[in-house]
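Peer 1: need coordinates for the following:
(one chain, ligands or ions: 1)
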Amino acid sequence: MSAQYRHVQNNNSNNTTSKAAASAGAAGSGTSKSPLLLARHNPSGLLLQDTDCNVVNSNSNRSKGNNHSFGRHGATTSVKSPHGDPLFNIAPSPNNKMKSPPLVSPEEEPCQLNGVGEDYVEFNYTNNRLPSSSSQSALTMDAVIGKKYPVYARDISRGEEKVKIPLVNEFSSNIHPLKLPNILYISTNMVHKDAHIDFSLARLSDDNCCSSCVGDCLSSDLPCGCAAETGGEFAYTPGGVLKGEFLEKCVMMNKEPQRKHYYYCEVCPLVNDLSQKGKKKVKACRGHLTRKFIKECWSKCGCSKRCGNRVVQKGIQVPLQVFATSEGKGWGVRSVTALKKGTFICEYIGEIVTNQELYERNKERAAKKEEHTYPVLLDADWGSERILKDEEALCLDATEFGNVGRFINHRCGDSNLIEIPVEVESPDHHYYHVAFFTVRDVEAMEELTWDYGIEFDDIYHPIKAFKCKCGSKYCRNKQKIQR
Ligand SMILES: C[S@@+](CC[C@H](N)C(=O)[O-])C[C@H]1O[C@@H](n2cnc3c(N)ncnc32)[C@H](O)[C@@H]1O
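Peer 2: Residues are numbered from 1 along each chain as shown. You can find the predicted model right below:
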């Protein structure tokens, strides 16, 4: 798989050949402006695999060669939204080529260190991958609550983040034998050569930013041009957290979606095989949830870099840990300090690839029987009148390149995080950042979770979700089992 990457901060005006997409399945919304949709609830935002682990869902029939007939791969599990759309396609295989070494147990030569933030012994990285624990001694550190944790990597971000993100496993490797994640940590999305992102300053009109602002936009009585893009309001407080009212609206739209938050496609590619369009009876769209989004100020804005309407772009500020969960969910994420409601945690970072590229990758992954893939489709234009080109139908693939966001586990109903689509560089809805914020105050060392939107008892969906171990009283998987 050859790949050429560009950091998204750069102005990307180069493009691949435009291929007119066939009429989008989302044509029925009739809205003048595309509601911004996040992958979780966005049918097109979530990628399905057929028996060959090919992507079978796309926003339209943009992804050439997609086989839309669903089927079950022997060992494929998939996360799905309430509308049957999987978020993460995971195809475990005994022949996984990613041979992560077993973790050393805490008993093996622990070395006492003195607290979060201490400059631990540097691990050697091989090919920029996480270190082989067999060649390293496990380290321990005092967490803020006084427990000792073995540290397998002191900073999985390799200095990419402003904060260090250790990888810890407080359990014996016999009890929770977890493979080390085999990823290259990146802190900003990277653009695959076939994906089209255009942040050129020339292309950004004054309407797309607040060029006449000065200083801190939040100190103004009136919303700036960027806030206008956020529905006429600033999403953040001067303290840098989400405004309660804004957060509540986002949560409401997530948890109690009313009819007005849905729109319906004429020919929904989630439930219809688009290659059979015109030949088969069209199945009714089950509705797509619209999302509130945030537009932050950016480089073409006149305000200061310290403007309060710039939060997500400043990166991770809270001390996160990747840790071994006790419930058998694999690795998870927690903060070592307590967090206030509305705090930005991290983005979901990955490679920005086209649906077509993901289709090819999934074919390769199926052939190589790789264990995990982590794609999230960015489909902000779902439902808009504009028809996207192939190179504009994008997703984030965090399988090989990603950040701490890829380790956040699912919790049904009462997760402490919400994902909000955030536009930084451009209000162009086909690319945006997926940002996680706390929905309530969170205690130190509490696992951070988000609701993937999985519908475990979706009997119509051919791809089975994982067995949920979230432990929530609202667990949708448990409810199904009890019935
Ligand atoms: C995005 S990854 C999260 C990080 C993952 N735990 C790891 O070790 O890399 C999603 C996968 O984690 C596991 N997972 C997440 N939430 C879970 C839950 N509530 N119950 C069981 N497994 C879960 C599933 O295997 C799922 O496919």
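Peer 1: mind listing the helices for the protein?
Peer 2: With DSSP state H, the ranges of helices along the chain come out as 225-229, 244-255, 355-368, 476-482.
Peer 1: now do the same for stretch 392-411: mean pLDDT, whole number.
Peer 2: For stretch 392-411, mean pLDDT is 91.
Peer 1: between the two ends of that stretch, how far is it?
Peer 2: This stretch, stretch 392-411, spans 31 Å end to end (CA to CA, to the nearest Å).
Peer 1: what's the answer for stretch 216-235, then?
Peer 2: Termini of stretch 216-235 sit 14 Å apart (CA to CA).
Peer 1: could you pull up phi and psi at S157?
Peer 2: Backbone geometry at S157, expressed as degrees, to the nearest 10, gives phi -80, psi -10.
Peer 1: for it, give its distance to G315.
Peer 2: 10 Å (CB to CB, to the nearest Å). Using the backbone N, CA and C atoms, a C-beta is placed for each residue, glycine as well.
Peer 1: anything in contact with each of those two?
Peer 2: S187 (CB atoms under 8 Å, 6 or more residues apart in numbering).
Peer 1: I'd say K478 and C468 touch.
Peer 2: Yes: using CB atoms under 8 Å, K478 is in contact with C468, at 7.2 Å.
Peer 1: which of S157 and G315 has more residues huddled nearby?
Peer 2: S157 (20 against 17; other CB atoms under 10 Å).
Peer 1: quick one: residues contacting the more buried one.
Peer 2: S157 sits next to K164, I165, Y185, S187, N403, V404 when contact means CB under 8 Å, 6+ apart.
Peer 1: and the residue of the stretch 101-250 of the chain that's closest to the ligand?
Peer 2: Nearest residue of the stretch 101-250 of the chain to the ligand: P181, at 6.0 Å (CB to the nearest ligand atom).
Peer 1: again, but for the stretch 301-450 of the chain
Peer 2: For the stretch 301-450 of the chain, CB to the nearest ligand atom, closest residue to the ligand: G330, 2.6 Å.
Peer 1: can you give me the pLDDT of the closest residue to that residue other than its chain neighbours?
Peer 2: Among residues not flanking G330 along the chain, L178 sits closest, at 6.3 Å (CB to CB, 6 or more residues apart in numbering). In this prediction, L178 carries a pLDDT score of 76.
Peer 1: surely L178 and G328 touch.
Peer 2: No: using CB under 8 Å as the test, L178 is too far from G328 to be in contact (9.7 Å).
Peer 1: tell me which of those two has more neighbours.
Peer 2: Higher neighbour count among L178 and G328: L178, with 19 against 11, using other CB under 10 Å.
Peer 1: about what we covered before: can you flag which of the contacts of S157 belong to strands?
Peer 2: Among the contacts of S157, the residues falling in strands (DSSP state E) are Y185.
Peer 1: got CSV for the contacts of S157, with distance to the ligand too?
Peer 2: Shown next, in CSV, are the contacts of S157 (distance: CB to the nearest ligand atom, whole Å):
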residue, distance to the ligand
K164, 19
I165, 14
Y185, 13
S187, 17
N403, 12
V404, 10
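Peer 1: widest-spaced pair of the contacts of S157?
Peer 2: Within those, K164 and N403 form the most distant pair, 13.3 Å apart (CB to CB).
Peer 1: the residue of the stretch 301-450 of the chain closest to the ligand is in contact with N409, isn't it?
Peer 2: Yes: contact between G330 and N409 holds when scored by CB under 8 Å: they sit 7.5 Å apart.
Peer 1: show me which of these two is the more surrounded one.
Peer 2: More neighbours surround N409 than the other of G330 and N409, with 20 against 16 (other CB under 10 Å).
Peer 1: tell me the contacts of the more buried one?
Peer 2: Contacts for N409 were tallied using CB under 8 Å, 6+ apart; they are T325, K329, G330, G332, V333, E447, T449, C470.
Peer 1: now C346: how far from I183?
Peer 2: 14 Å.
Peer 1: who has more neighbours out of the two?
Peer 2: Set C346 next to I183 and count neighbours by other CB under 10 Å: C346 wins out with 28 against 22.
Peer 1: bridged to the more buried one, which residues?
Peer 2: Beta bridges link C346 to F436 when assigned by DSSP bridges.
Peer 1: could you do L320 as well?
Peer 2: Following DSSP bridges, L320 is listed with bridge partners S335.
Peer 1: my read: it touches K164, true?
Peer 2: No: using CB under 8 Å, L320 is not in contact with K164; the gap is 9.1 Å.
Peer 1: so between those two, which is more surrounded?
Peer 2: Neighbour count, other CB under 10 Å: between L320 and K164, L320 has more, with 27 against 20.
Peer 1: who's in contact with that one?
Peer 2: So L320 contacts V163, I165, V333, R334, S335, V336, I345, C346, V404, L448 (CB under 8 Å, 6+ apart).
Peer 1: of all the helices of the chain, which one is nearest F436?
Peer 2: Of the helices of the chain, nearest to F436 by CB to CB is helix 244-255, at 11.7 Å.
Peer 1: may I see the buried residues of that closest one?
Peer 2: Within helix 244-255, the residues scored as buried using 16 or more other CB atoms under 10 Å are F246, L247, C250, M253, N254.
Peer 1: let's have these in CSV, adding distance to V311 and pLDDT.
Peer 2: Output for the buried residues of helix 244-255, formatted as CSV (distance: CB to CB, whole Å; pLDDT from 0 to 100):
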residue, distance to V311, pLDDT
F246, 12, 96
L247, 13, 97
C250, 14, 90
M253, 20, 82
N254, 20, 76
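Peer 1: need the contact list for the residue lying closest to S220 once chain neighbours are set aside.
Peer 2: Leaving out its chain neighbours, the residue that sits closest to S220 by CB to CB, 6+ apart is C213, at 7.3 Å. Counting by CB under 8 Å, 6+ apart, C213 touches S220, C224, G225, C297, C301, G302, C303, C307.
Peer 1: try G471
Peer 2: Counting by CB under 8 Å, 6+ apart, G471 has contacts E327, R411.
Peer 1: what's around K179, how many residues?
Peer 2: Neighbourhood size, K179 [other CB under 10 Å]: 17.
Peer 1: how much space between it and N169?
Peer 2: Taken as CB to CB, the span from K179 to N169 is 11 Å.
Peer 1: low-confidence stretches in the stretch 251-400 of the chain?
Peer 2: 256-263, 265-277, 286-290, 366, 368-373, 379-389 (pLDDT under 70).
Peer 1: so which bits of it are right by the ligand?
Peer 2: Residues of the stretch 251-400 of the chain lying near the ligand by CB under 6 Å from any ligand atom: K329, G330, W331, G332, Y374.
Peer 1: the last one: neighbour count?
Peer 2: If I follow you right, that is Y374. Residues near Y374, counting by other CB under 10 Å: 22.
Peer 1: so who does it touch?
Peer 2: With contact set as CB under 8 Å, 6+ apart, Y374 has these partners: F88, G350, D397, A398, T399, G402, R406.
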